[in-house]
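**Q** A predicted structure for the sequence below; I have some questions about it.
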Amino acid sequence: MDFEQVFADFVGPNLVYLLLALFIVICILAGVRIVPQSEKYVVERLGRLRSVLGPGINFIVPFLDRVRHKVSVLERQLPSMAQDAITSDNVLVQVETSVFYRIIEPEKTVYRIRDVDAAISTTVAGIVRSEIGRMELDQVQANRSRLIEAVREQVAQQVDDWGIEVTRAEILDVNLDAATRAAMLQQLNAERARRAQVTEAEGTKRSVELKADGDLYAAEQEAKARRIAADAEAYATQVVAVAIAENGLEAAQYQVALKQVEALNALGNGTGSQTIVVPANALEAFGNAFNMLKGKS
């Protein structure tokens, strides 16, 4: 049996069905779209926006609907940009910035803006110049975080119509020209010298204060010692006065005679000549003292 004849006999009556089945298969393949997780598809129907396909399996109308744009929704980083700006104190600075963003509404991005990166770069440059123009140079250096937040907020507001979300904005560097850097270095050195002089003056002042405190403390202690000695002397005098009042004049004479005997003993025990000249009235005093000592014993 001839194979070609068999094929012709089979296909001839069934050609229409075969073509119909092939058309159905083609329609199914054309109507199914599998979208990756990192992308979104913008579908047009006869040149107009029809829908946006999300990740996963999607169905469209074959031959009428067409996937016009495949847009990545991954976060993007713009190349580092450098733009000149003038601070409020008329200092020219060069600011290097970087912006991170991602597309969240592809239908706005593809139909409202042609070059997203260029548009964002221009917007950031204008915002940076405007913000730095309100600050002095010292504020730009010290308040970089506030500047970054202001840039991010304003960029986010201006690109909202483009279906874009600004996730981060960074000020990478703030550069100055050579003349400004030299002037700032001179000012910094002068400030350091001033601080050193202030520190030295404060140290001298503190040293004088401590010395004055020490002298005052010594004077207070000396006065306190004199006051204690005076109190002791007054107390001794009071004791003697009490003794005289209680024992009469004889007790006082006894104490005086006893002191005289002790003084002569000390002279006799000293080194040098052993000859002691004693006044005549001292003998009488010794006798009185001896009588008193005898009487006391």
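**A** Everything's here; your move. Numbering: from 1, shown residues only.
**Q** going forward, measure contacts and count neighbours with C-alpha atoms only.
**A** Will do.
**Q** how far away is Ala125 from Arg206?
**A** From Ala125 over to Arg206 the distance is 53 Å, taken as CA to CA, to the nearest Å.
**Q** So those two - more neighbours on which side?
**A** Ala125 (19 against 12; other CA atoms under 10 Å).
**Q** Helix, strand, or coil at that one?
**A** Put simply, Ala125 is helix when judged by DSSP: H, G, I helix; E, B strand; the rest coil.
**Q** so it touches Gln83, yeah?
**A** Yes: shown here, Ala125 and Gln83 form a contact pair, counting by CA atoms under 8 Å, at 6.4 Å.
**Q** Counting neighbours, what do you get for Ile60?
**A** 21.
**Q** Break this structure into its domains for me.
**A** As given by automatic domain parsing, the domain ranges for the chain are 3-72, 76-176, 248-297.
**Q** Highest mean neighbour count out of those?
**A** domain 76-176 (a mean of 17; mean count of other CA atoms under 10 Å).
**Q** For it, the averaged confidence score.
**A** Mean pLDDT, domain 76-176: 86.
**Q** For it, measure first residue to last.
**A** By CA to CA, one end of domain 76-176 lies 29 Å from the other end.
**Q** how far out from the middle of the chain is it?
**A** 25 Å (CA atoms, centre = their mean, to the nearest Å).
**Q** Could you do stretch 55-66 as well?
**A** 56 Å.
**Q** swap in stretch 215-230?
**A** On CA atoms, centre = their mean, the centre of stretch 215-230 falls 51 Å from the chain's centre.
**Q** Return the alpha-carbon coordinates of that stretch using PDB.
**A** Written as PDB, here are the backbone C-alpha positions of stretch 215-230 (Å, rounded to 0.1, in the frame of the first residue of the first chain):
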ATOM      1  CA  ASP A 215      47.000  78.800 101.500                       C
ATOM      2  CA  LEU A 216      43.500  79.500 102.900                       C
ATOM      3  CA  TYR A 217      43.400  75.900 104.200                       C
ATOM      4  CA  ALA A 218      46.800  76.300 105.900                       C
ATOM      5  CA  ALA A 219      45.800  79.600 107.500                       C
ATOM      6  CA  GLU A 220      42.500  78.100 108.700                       C
ATOM      7  CA  GLN A 221      44.400  75.100 110.200                       C
ATOM      8  CA  GLU A 222      47.000  77.500 111.900                       C
ATOM      9  CA  ALA A 223      44.200  79.600 113.300                       C
ATOM     10  CA  LYS A 224      42.500  76.400 114.500                       C
ATOM     11  CA  ALA A 225      45.700  75.300 116.200                       C
ATOM     12  CA  ARG A 226      46.200  78.600 117.900                       C
ATOM     13  CA  ARG A 227      42.600  78.600 119.100                       C
ATOM     14  CA  ILE A 228      43.100  75.100 120.500                       C
ATOM     15  CA  ALA A 229      46.300  76.200 122.300                       C
ATOM     16  CA  ALA A 230      44.600  79.300 123.700                       C
END
